[in-house]
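Asks: this one's sequence-less:
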């Protein structure tokens, strides 16, 4: 709850966009895992802005510092605390926003709830908080890799540019080829073009991230409330700007008939498989061993340069013109965040299922 | 987790479709609330099958028995346990399904996970478990009503029959007019016709439930992981057959631009309001006082009469022909379940926000 | 929290002393366990009043009814709900206590907290709530027995009658020989005599329950907050009338020196053992494979027949003379409750340690 | 669970004795509180070793660094992360302990559980982890002070030197007068003398910390499992070296009669009070507005200089002679830790009772 996610593998996230640092504490990581801090730094670098002309020009040299929980290169079963100090802070960029509520931002609701708001760059409501998730997800991913579980997310829609369904990436590398993180280069080009247009127009655009998880054992997920898809949806809807979640056939299933949607069982090589996978790898809340795939919709970024009507803290109508550095589309940078949230969720279920004990006896 | 949902207002659900009883324990309900057991029975009756030719012919005379937590007509702050005994049980209908896994049902995954499966009518994976949710949601709803919070769900899509967006129900009564629970009679007729066709064909069809929550205060929801929408998504994706969740503009937001999606603030009658409500009443994970609206997609029911290929427990290919009584579309009966899950989620947030103390001093 | 205890093996308790029923829901019990309902009934019978002249004359014919979670004699991994209907209810016995707060009872604090109080026989604050614990503990005990873990509690002190330390029971049967549940018959006689005196005097007396757990594996317990002893203390201090908890040398350790308290390690039959066991089987919060032993202090029962000064709800001084049936010493009936709470705690830790998976693949 | 304590006010603790840093994240602190980092540093200084000849000579210049959650001197409702870098590390002091299990330490159990152990100065099992608790407790204390709630702990026993019951400290300052933290100077002198003797003998001695909480409102605590005393016991038994917990009359209650233990109610100045306070301020698990007092027993420190028999990782018997800097009695330094754990527990209950909302509307 609050700033902690997970049951047995848990991240507690902390930090503000323009405070001292952002970071987190991962508790419940199995002991004895060789953990590469370099790989974690690599995950962070993927999320960082300033990688391409498409994403915001802020230069966050995010250097990961691990504070605990690793001994002689291995996890000890104890909490792994980490942080990234904030460097490229220009709070003065935001001083003008102190007394005004930016439309569709968290300014008004946070201030209403807490009576106080760190207005410097969105404070804790900034997507910079995702740094903690990407590191924690990276830890989870390194554990999952040892179990043969692989998670690949990618941009499947930007505005009205939609990736045809048949193009499915083979690997993270396949996705990283393009700045928009779309595995099909022709579609990627169109997406980039649209984002550039939006940038020039001072506007923004939404999109969709798709994600695929392979190598899952049968039996993850609890059958009633804590279904695999319920925890996945919870994790995804906790990402900034996420507006929708669907798995398997998702909303398309509403139009289908049972005879077309049902996945016939098939016995293949001594294993129970399904002939089709409309179910998206989950039946009755529990994984069936097939690929889990899902999609997350993101709204267009709220920070746009076009002038907007709004209201100040004391109820005066005003026009807002935001300067500064902002992404015109959040989706490419959301890709590693979706992967991170998925990795944490999967490992949590794996531990709950007793598939990865932290005992050696 | 597992069979409990909620943080401060919590339901623990129990019972199998053809066991002794289904029921639950509600813990954390504020004390001193006048609680109408008749109204709870009314909610149960809405979920019951056999209400119309559209839904399954099982006659479940679900009589609610409250076991604790109410004294002189009022809640005491102590757990409210309740149960509904199972009556119309014909386990022999299911004996044939003992050793075979029904496609897209929970049979295979549950048996793989637990090594044992109550095969009588789906056991605990049956939608009959929803009885517990509807009663608990009814308790929550009675508390919310005192706070002026209103929740109305309705069928907005069945197969390819879609309710035009402009038709929004005024009240639960508006929804209850039609057997499919669609507030627009012309659309309702088309939906009924489609469901009847499916029934006759031995097939089934999916659909969408929409839901609207009004009267919410500003400030519900936690800002990082435990966002209002994240817990709502978790609750909805824990309903049998749910495949997708979206709120506000949802997946449509992916196509929008920031200039079109942002909700300008407007000062009206001494209150901060928004001129539009693309955000769906939530900003930065916290309610902003506008209407919260969301949609849940449901797959077509897996139980169809048409013959299907499947595999037995010992790996033999076989053809399944399910007899018995089944809904051709789960959506009309899912409407009260969506409302119940929403009511529990909202009350939980209300209690967390300290808006409804259970102390009198 | 609230009316739920446990993390992976969880009891949610419900019911009032003079309401419809008391009962509970056990969630997280491993699947596939042959569970004897007769044995559970036997545990209940041990707790029941009216077994001997020493304990209160109420005739509670507690008949256990299991509502869910068992199929063909085995646990299914799903919630096990159970209840015991209240029969021998005479609420009129308590009518006189409606408006007066009994000294050292929960009357005043509960009414202050909740603004409402079920005054019939203490309502939910009655020790009758322990019925739920004894059943749930009995379920846990049956699972633990399969793992070779044994829990035996016994009365080690009543008033100033103290069982000499050298008398340690061999089994539950050893304890059940006497009505006071003290394994040493000479001490048992003295205890019974003292309790009878108290009964005749209209007074009551306190005591101590000791408990021993054998057969535990090395490695149960979490090292920082969730130490084996911390969760054990939590469970015990949640029993009605408990005033203190100590394990190993307990308060006596305060007088000892390190050279006398430290347990030297010794290698015996290929196993790490300790030469002595001052630690009480736990080091650094984690079991070391030796016997865990602990003691729980209970206050004298608050319900006495002697007249007492008190105050009514509207602040008037009055004299209270309680009639009715009450134990003069709670300790003999607390013995099975201590065992039950210990059994639940141990099984919870066993599941957390991944020593008892609920998956079969 | 694991490295997190608390429900609504929560500390997640991290760090090893000789790693990069120890620290924690406090989540759930109410927003808008003026928080003095200097006072927090002061609490840390109280716990620090090297303050007097009585305690270990390690020079831990513990400088507190706050990383998040404070804006313009006030809490924001967001997580307060903090850390203290380890400086005076001499891991080479411990190299000799790499392969041997120290008697009554956590070495064997941790290594058995996790298969890996940071052997540098006890790693995470070191009392240095208490740094996180003292800071978090200090934050809680500053919030409680605004509510008029005061917590004072003190040394009431060292070995066989017992503070007479009538000496109760008036304030923390009263306690801080002596190096052993005993408010009665004559007793303090005897305690110091005993500790010095133990130091010279290379041995150690146990003791008791008493604690008193005043200014509590009526109504804190949950009535069944989550009783005020149960959570307090859990918190205290999670402190290194704690062996027993009692509140009110504690173990002494076992010898008492109901007529002597019951606290008669008395109406004083328009308030319900009790004439005596044998109950220790809690009835039915809920505070009654009287002083809560309790005692925690601590064992003698396991690290002694006297030679001891033990066993190495590979099962060889050996004699251990520990060098290095160790306290001969843990109790004086445990005093601020007991206060910290009490402060966190009380604030958590206060928030649960809705007595301290974090909403301003």
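Replies: Great, that's in hand. Everything numeric here is computed off the predicted structure, so don't read it as measured data.
Asks: any residue of stretch A:261-277 up close to chain C?
Replies: No - if you take C-beta under 8 Å from any C-beta of the partner chain as the test, stretch A:261-277 misses chain C, and the best it gets is 10.8 Å. Every C-beta, even on glycine, is put in place using the N, C-alpha and C of the backbone.
Asks: May I see the buried residues of that stretch?
Replies: Residues A:261, A:262, A:263, A:264, A:265, A:272, A:273, A:274, A:277 are the ones in stretch A:261-277 that count as buried (16 or more other C-beta atoms under 10 Å in any protein chain shown).
Asks: quick one, phi/psi of the closest residue in space to the fifth one that isn't next to it in sequence?
Replies: Which is residue A:265. Excluding the flanking residues, the one nearest residue A:265 by C-beta to C-beta, 6 or more residues apart in numbering or on different chains is residue B:311, at 4.2 Å. Main-chain dihedrals, residue B:311, degrees, to the nearest 10: phi -130, psi 140.
Asks: Now the two most distant members of the buried residues of stretch A:261-277.
Replies: Within the buried residues of stretch A:261-277, two members stand farthest from each other by C-beta to C-beta: A:261 and A:272, at 18.8 Å.
Asks: ok, now which ones touch residue A:125?
Replies: Shown in contact with residue A:125 (C-beta atoms under 8 Å, 6 or more residues apart in numbering or on different chains): A:105, A:106, A:107, A:110, A:240, B:223, B:284.
Asks: mind checking pLDDT for the fifth one?
Replies: Residue A:240 is assigned a pLDDT of 97 by the prediction.
Asks: Quick check: it touching residue A:127?
Replies: Yes - contact criterion C-beta atoms under 8 Å: residue A:240 and residue A:127 qualify, at 4.9 Å.
Asks: In contact with residue A:346: list those residues for me.
Replies: A:140, A:144, A:149, A:151, A:213, A:216, A:220.
Asks: Could you report the separation of residue A:163 from residue A:180?
Replies: 10 Å (C-beta to C-beta, to the nearest Å).
Asks: quick one on the thing from earlier: in helices, which of the contacts of residue A:346 fall?
Replies: A:140, A:144 (DSSP state H).
Asks: Next up, the contacts around residue A:189.
Replies: With contact taken as C-beta under 8 Å, 6+ apart, residue A:189 is in contact with residue A:178.
Asks: For residue A:65, pull up the helix or strand it's in.
Replies: strand A:64-66 (DSSP states H and E).
Asks: Direction included, what does the helix or strand just after that strand pair against?
Replies: Later in the chain than strand A:64-66, the nearest helix or strand by DSSP H and E is strand A:70-71. Strand pairing for strand A:70-71, using DSSP bridges, gives strand A:74-75 (antiparallel).
Asks: got the contact list for residue A:250?
Replies: A:280, A:294, A:295, B:243, B:244, B:297.
Asks: between the residues you listed, which has the most around it?
Replies: residue B:244 (31 neighbours; other C-beta atoms under 10 Å in any protein chain shown).
Asks: one step back: could the contacts of residue A:250 be laid out in JSON lines, adding secondary structure?
Replies: Putting those into JSON lines (DSSP: H, G, I helix; E, B strand; the rest coil) gives the following:
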{"residue": "A:280", "secondary structure": "coil"}
{"residue": "A:294", "secondary structure": "strand"}
{"residue": "A:295", "secondary structure": "strand"}
{"residue": "B:243", "secondary structure": "strand"}
{"residue": "B:244", "secondary structure": "strand"}
{"residue": "B:297", "secondary structure": "strand"}
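Asks: Considering those, which is situated nearest to residue C:255?
Replies: When those are compared against residue C:255 (criterion: C-beta to C-beta), the nearest one is residue A:294, at 61.8 Å.
Asks: so how far is chain C from the nearest residue in space to residue A:67 that is not next to it in sequence?
Replies: Leaving aside its chain neighbours, residue A:67 sits nearest to residue A:81 (4.1 Å; criterion: C-beta to C-beta, 6+ apart). The spacing between residue A:81 and chain C, counted by C-beta to the nearest C-beta, to the nearest Å, is 13 Å.
Asks: what about the helices in the stretch 251-361 of chain A?
Replies: Along the stretch 251-361 of chain A, the stretches classed as helices by DSSP state H, counting those that start in this stretch are A:258-261, A:331-352.
Asks: Go through those helices and pick out the most buried.
Replies: helix A:331-352 (a mean of 26; mean count of other C-beta atoms under 10 Å in any protein chain shown).
Asks: wait, what's in contact with the residue nearest to residue A:67?
Replies: Taking C-beta under 8 Å, 6+ apart as the test, what residue A:81 contacts is A:23-26, A:66-69, D:14-15, D:21, D:23, D:83.
Asks: Next up, the contacts around the residue in the stretch 251-361 of chain A that chain B sits nearest to.
Replies: Among the residues of the stretch 251-361 of chain A, residue A:284 lies closest to chain B, at 2.3 Å counting by C-beta to the nearest C-beta. Residue A:284 sits next to A:223, A:227, B:105, B:106, B:107, B:109, B:110, B:125 when contact means C-beta under 8 Å, 6+ apart.
Asks: Need the max-distance pair from the residues you listed.
Replies: Maximum distance among the contacts of residue A:284 (C-beta to C-beta): 15.8 Å, for A:227 and B:107.
Asks: of those two, who's got more company?
Replies: Per other C-beta under 10 Å, whichever of residue A:227 and residue B:107 has more neighbours is residue B:107, with 26 against 22.
Asks: per-residue confidence for the more buried one?
Replies: Value for residue B:107, per-residue pLDDT: 93.
Asks: Pretty sure it sits against residue B:119.
Replies: Yes - assessed by C-beta under 8 Å, residue B:107 is found in contact with residue B:119 at 7.3 Å.
Asks: Spell out which residues are contacts of both of the two.
Replies: Counting by C-beta under 8 Å, 6+ apart, the residues touching both residue B:107 and residue B:119 are residue B:97.
Asks: Now whichever residue of the stretch 151-300 of chain A sits closest to chain C. Nearest residue, chain neighbours left out?
Replies: Nearest residue of the stretch 151-300 of chain A to chain C, counting by C-beta to the nearest C-beta: residue A:219, 5.3 Å away. Spatially, and ignoring its direct neighbours in sequence, residue A:219 is nearest to residue B:113 (4.2 Å; C-beta to C-beta, 6+ apart).
Asks: right, and the secondary structure at that neighbour would be what?
Replies: Going by three-state DSSP: residue B:113 is helix.
Asks: Closest one of the contacts of residue A:250 to residue D:254?
Replies: residue A:294 (58.8 Å).
Asks: Is that closest one bridged to anything, and to what?
Replies: Applying DSSP bridges to residue A:294 yields these beta-bridge partners: residue A:211, residue A:247.
Asks: so residue A:254 makes contact with residue B:194?
Replies: No - contact criterion C-beta under 8 Å: residue A:254 and residue B:194 do not qualify, at 12.0 Å.
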